[in-house]
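S.K.: my questions are about this predicted structure, shown below with the sequence.
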Amino acid sequence: MSRAAEPWVARPLGELVTGVARAVAEGQTELDRASLSTRRDIRRAVETGDLETPIETPWFRFAGVEADLNVSLSMRGRPERDADGRVRAYRPTLVAAPTDAEFTTRTGYDVAASSRVRLDIVPVPGTE
């Protein structure tokens with residue numbers, strides 16, 4: 001089974017954080033596309049005479065996104081390989097696993113022991 005198709009299992013914490021940030025960015029992109037489409041529709045309506053006066057296009061953006069994630073955190077060693085593919089060392093990696101009902105039942109994990117990872121993603125002014 002490919003990594004994308006397998007059920008969500010333990011992943012390095014960095015991948016989890018990146019995934020959340022990527023989802024927010026994709027959501028913002030969809031909001032921007034909708035606003036651009038509305039702008040085009042308004043311009044067409046003015047050009048065809050269906051709208052007498054142009055109206056301002058609404059633009060939406062996330063003022064901030066807060067994500068609270070309950071996960072099981074553990075340390076694992078990620079193999080570091082040399083040019084010949086031999087493992088030379090293990091890099092410590094913080095790994096997060098979901099603490100959903102399936103995980104808790106399958107592993108006997110005590111949800112009270114879960115860790116809380118809180119992310120705040122906020123917009124910053126662009127540099128043009």
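M.R.: Alright, I've got the coordinates.
S.K.: tell me the pLDDT of Glu102.
M.R.: The model reports Glu102 with a pLDDT of 68.
S.K.: hang on, Thr93 in a helix?
M.R.: No. Counting by DSSP: H, G, I helix; E, B strand; the rest coil, Thr93 falls outside a helix, being strand.
S.K.: so it sits against Pro79, correct?
M.R.: No. The criterion here is C-beta atoms under 8 Å, and Thr93 misses it with Pro79 at 10.2 Å. Where you see a C-beta, it was placed from the backbone N, CA and C, and this is true even at glycine.
S.K.: how about the helices in this protein?
M.R.: 13-48, 101-107 (DSSP state H).
S.K.: among the ones you listed, which gets the worst mean confidence?
M.R.: Among the helices of the chain, helix 101-107 has the lowest mean pLDDT, at a mean of 67.
S.K.: one step back: and Thr93 and Pro79? Which one has more around it.
M.R.: Thr93 (15 against 11; other C-beta atoms under 10 Å).
S.K.: any idea how far the more buried one lies from Glu15?
M.R.: 10 Å (C-beta to C-beta, to the nearest Å).
S.K.: how about Arg61?
M.R.: 26 Å.
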